[in-house]
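Chemist: when you get a sec, could you give me coordinates for this:
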Amino acid sequence: MNTSINGDMLIGQAAVHGSAASFRSMDPASGREIEPAFGSGGVADVERACTLAQQAFDGYRESGLEQRAQFLEQIAQNIIDVGPALIERAMLETGLPQARLEGERGRTVGQLRLFAKVVRDGRWIDATLDAALPNRTPPRADLRLRKIGLGPVAVFGASNFPLAFSVAGGDTASALAAGCPVVVKAHSAHPGTSELVGKAVQAAVASCGLPEGVFSLLFGDGRTVGQALVGHPAIKAVGFTGSRQGGMALAQAAWQRDEPIPVYAEMSSINPVFLLADALAQRAEEIATGFVDSLTLGAGQFCTNPGLVMAQEGPALDKFCAVAANALQAKSASTMLTPGIHSAFNAGVERLTAAPGVQLLARGQSGGSASGCQAALFKTDARTFLANPALEEENFGASALVISCRTAAEFKQIAEHLGGQLTATLFLTENDRDTARKLLPTLERKVGRILANGYPTGVEVSHAMVHGGPFPATSDSRSTSVGAAAIDRFLRPVCYQDMPAYLLPTALQDANPLGLWRVRDGEQVRS
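Modeler: Now for the predicted structure:
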């Protein structure tokens, strides 16, 4: 694989150096710029990438299931073949440790291979056949349904996952699996990493004989390139992971188009943790230690970071707070992804420190790098929290707030008060079942994933995973951005009525040449 980094965008099979303002990535540990310079794109580059994607769409969406699956697998292999150069560049641009990035590369490759299996299986097509009933009154026509890709998809790379939620991450993998060409706007914090991965995808497009417009990679300013990309009529959906402000700006732009399109934005979540009475009494120390490990993992820069803890006041909560505070004070300051994220985190800590009724329990160690995250743990009571909406705001990084509740009934009151979340966690035993049962209906309305006796920072890429939730966790609570079901975001149903056999899509032909599981007259069959 080509491991050179030239500062180029990739538009179809061409390498294009943007003619707008140049920029360099920055080493967040030292604050120094990294070579080479990257050229930002402009409206003309967006136009070229989107036009190529539009031209590629009809051919790509009808590519055979095996060809498309092999394409996804080839992307995965090409990423592996980039070798150590990819990890080294990502470490330099993000400050993340080698082990974390190697794990993230494994996840990126794993989800591409998962979607290859999903494509081959074909259940995502949702092939459905209702036979004609000519003797019924009134007669019923022959009706057949399948799902097809929406069209070209714009994907915005995330800052906190330079591989798994970036150029060839979950949004790209699921869109390509659905038969949708992808135009990626790379995150400006790790353009070198993005170019390396982009070349891996570009090479897979060529080697698999697919139209060049199946993939393009752009650099540039969000207000210029990002808005132009979302506004282009060829783009039919958007995938985004980032701030609430950024996600809402894209959603607003998408809805102001002549043809509004869906924006699947993962935005803001504080991931509440409920420590129920018996579990806390039995395992306060163990839970506190695990909680701090989860909170500080990756400098707290996970969208599932546990930022809010609820427990009933008393000796068990006091013990939890004491153990958590001691554990936090021993944590070194991990490098945050960018100076801007570091600055915003510190401002959030200062805001909480100054908030009336909020007590600072502990800070982690300081120093180490220019963008070191000094973790913070705060405490307040339920009345104060419910009276101050600002305490519910996400502070992206290793910062959490413990809420002391007078009674278990306040758990439900707080849960009802919270906005939508990616996750909620219940620490419980059999003796806590009544409290848990009262909480569960509320959490089901508020949350995409509910955990028991675990920590939310691990997100498995699998068939059953849900990484989504009601607003403001995401802009569309009906979807997930992780797992096999992520493909559904980029599909739509088409019905064929009394269609001649020679015009029927392969998936809907009577002989079932693809060997798919299909619903025929209400029964699931494979014949």
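Chemist: which parts of the stretch 51-200 of the chain are strands?
Modeler: For the stretch 51-200 of the chain, the strands defined by DSSP state E, counting those that start in this stretch occupy 128-130, 143-149, 153-156, 182-185.
Chemist: nearest to Ile270, out of these?
Modeler: Ile270 lies closest, by C-beta to C-beta, to one member of these: strand 153-156, at 22.1 Å. No exception for glycine: its C-beta is placed from N, CA and C like everyone else's.
Chemist: can I get the longest helix seen in the chain in PDB, CA atoms only?
Modeler: As assigned by DSSP state H, the longest helix anywhere in the chain is helix 98-121. Only the C-alpha atoms of helix 98-121 are listed here, as PDB (Å, rounded to 0.1, in the frame of the first residue of the first chain):
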ATOM      1  CA  GLN A  98      -0.300   2.900  20.300                       C
ATOM      2  CA  ALA A  99      -2.300   0.100  21.900                       C
ATOM      3  CA  ARG A 100      -5.500   2.200  21.700                       C
ATOM      4  CA  LEU A 101      -5.000   2.900  18.000                       C
ATOM      5  CA  GLU A 102      -4.100  -0.600  17.200                       C
ATOM      6  CA  GLY A 103      -7.300  -1.700  18.900                       C
ATOM      7  CA  GLU A 104      -9.300   0.900  16.900                       C
ATOM      8  CA  ARG A 105      -7.700  -0.300  13.700                       C
ATOM      9  CA  GLY A 106      -8.900  -3.800  14.600                       C
ATOM     10  CA  ARG A 107     -12.400  -2.400  15.200                       C
ATOM     11  CA  THR A 108     -12.400  -0.500  11.900                       C
ATOM     12  CA  VAL A 109     -11.300  -3.600  10.000                       C
ATOM     13  CA  GLY A 110     -13.800  -5.800  12.000                       C
ATOM     14  CA  GLN A 111     -16.800  -3.600  11.100                       C
ATOM     15  CA  LEU A 112     -15.900  -3.600   7.400                       C
ATOM     16  CA  ARG A 113     -15.800  -7.400   7.500                       C
ATOM     17  CA  LEU A 114     -19.100  -7.500   9.500                       C
ATOM     18  CA  PHE A 115     -20.800  -5.500   6.800                       C
ATOM     19  CA  ALA A 116     -19.300  -7.800   4.200                       C
ATOM     20  CA  LYS A 117     -21.200 -10.600   5.900                       C
ATOM     21  CA  VAL A 118     -24.300  -8.500   6.200                       C
ATOM     22  CA  VAL A 119     -24.200  -7.800   2.400                       C
ATOM     23  CA  ARG A 120     -23.700 -11.500   1.500                       C
ATOM     24  CA  ASP A 121     -26.600 -12.500   3.800                       C
END
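Chemist: circling back: of the strands of the stretch 51-200 of the chain, which is nearest Val482?
Modeler: Across those, Val482 has its closest neighbour in strand 153-156 (14.2 Å, C-beta to C-beta).
Chemist: and the average pLDDT for that closest one is what?
Modeler: The pLDDT scores in strand 153-156 average 98.
Chemist: equivalent analysis for stretch 329-348, please.
Modeler: Averaging pLDDT along stretch 329-348 yields 94.
Chemist: for the nearest residue to Ser207 once chain neighbours are set aside, grab the count of nearby residues.
Modeler: In this structure, Ser207 finds its nearest non-sequential neighbour in Gln74, 6.2 Å apart by C-beta to C-beta, 6 or more residues apart in numbering. When neighbours are defined as other C-beta atoms under 10 Å, Gln74 has 20 of them.
Chemist: would you agree Gln74 is in contact with Ala204?
Modeler: Yes. Using C-beta atoms under 8 Å, Gln74 is in contact with Ala204, at 4.1 Å.
Chemist: that older thread, neighbouring contacts of the longest helix of the chain?
Modeler: If you take C-beta atoms under 8 Å, 6 or more residues apart in numbering as the criterion, helix 98-121 is touched by 65-66, 68-70, 72-73, 75-76, 79-80, 86-87, 90-91, 94, 96, 124, 161-164, 168-170, 173-174, 176-177, 298, 461-462, 482, 484, 487.
Chemist: how about it: buried residues?
Modeler: Buried residues in helix 98-121, counted by 16 or more other C-beta atoms under 10 Å: 100-102, 104-105, 107-116, 118-119.
Chemist: do stretch 169-188 as well
Modeler: By neighbour count on 16+ other C-beta under 10 Å, the buried set for stretch 169-188 is 169-188.
Chemist: returning to what we had before: off-centre distance for the longest helix of the chain?
Modeler: In terms of C-alpha atoms, centre = their mean, to the nearest Å, the centre of helix 98-121 is set 14 Å apart from its chain centre.
Chemist: residue contacts, Gly39?
Modeler: For Gly39, counting by C-beta under 8 Å, 6+ apart, the contacting residues are 7-9, 16-20, 22, 219.
Chemist: could you dump those to a markdown table with distance to Gly367 and neighbour count?
Modeler: Formatted as a markdown table, those follow (distance: C-beta to C-beta, whole Å; neighbours: other C-beta atoms under 10 Å):
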| residue | distance to Gly367 | neighbour count |
| --- | --- | --- |
| Gly7 | 33 | 20 |
| Asp8 | 37 | 21 |
| Met9 | 38 | 29 |
| Val16 | 42 | 19 |
| His17 | 39 | 16 |
| Gly18 | 37 | 21 |
| Ser19 | 41 | 12 |
| Ala20 | 38 | 17 |
| Ser22 | 33 | 14 |
| Phe219 | 33 | 29 |
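Chemist: specify which member of those residues is nearest to Leu143.
Modeler: Met9 (44.9 Å).
Chemist: report the contact partners of that closest one.
Modeler: By C-beta under 8 Å, 6+ apart, Met9 lies in contact with 15-18, 39, 41, 45, 216-219.
Chemist: which phi and psi does the residue nearest to it when sequence neighbours are not counted have?
Modeler: Distances taken as C-beta to C-beta, 6+ apart put Val16 closest to Met9, at 4.8 Å, once the chain neighbours are dropped. Per-residue torsions, Val16: phi -130, psi 120 (degrees, to the nearest 10).
Chemist: please identify the buried residues of the strand or helix carrying Gly340?
Modeler: Gly340 belongs to helix 339-354 when elements are defined using DSSP states H and E. Across helix 339-354, burial judged by 16+ other C-beta under 10 Å covers 341-342, 344-346, 348-349, 352.
Chemist: helices and strands around the helix or strand just after it, which ones?
Modeler: Sequence order places strand 359-363 as the next helix or strand after helix 339-354, per DSSP H and E. Secondary-structure packing of strand 359-363 (3 or more C-beta pairs under 8 Å, 6 or more residues apart in numbering; DSSP states H and E): helix 315-329, strand 376-381.
Chemist: most packed of the ones you listed?
Modeler: Across the helices and strands packed on strand 359-363, averaging neighbours per residue (mean count of other C-beta atoms under 10 Å) puts strand 376-381 on top, at a mean of 22.
Chemist: which of the residues in the next helix or strand after that one are classified as buried?
Modeler: Next helix or strand after strand 376-381 toward the C-terminus (DSSP H and E): helix 382-387. Buried residues in helix 382-387, counting neighbours by 16+ other C-beta under 10 Å, are found at 382, 384-386.
Chemist: same thing with stretch 397-416?
Modeler: By neighbour count on 16+ other C-beta under 10 Å, the buried set for stretch 397-416 is 397-405, 408, 410-412, 414-415.
Chemist: check contacts around Cys303.
Modeler: Counting by C-beta under 8 Å, 6+ apart, Cys303 makes contact with 160, 241, 266, 269, 422.
Chemist: which of those residues sits closest to Arg363?
Modeler: Among the contacts of Cys303, and counting by C-beta to C-beta, the member closest to Arg363 is Asn160, at 22.0 Å.
Chemist: ok, so what distance separates the closest one from Ser243?
Modeler: 11 Å (C-beta to C-beta, to the nearest Å).
Chemist: go on, Glu259?
Modeler: Computed with C-beta to C-beta, the distance linking Glu259 and Ser243 is 26 Å.
Chemist: those two: which is more packed in?
Modeler: Just comparing Glu259 and Ser243: by other C-beta under 10 Å the higher neighbour count belongs to Ser243, 17 against 8.
Chemist: so that one makes contact with Glu266?
Modeler: No. Assessed by C-beta under 8 Å, Ser243 is found out of contact with Glu266, at 10.3 Å.
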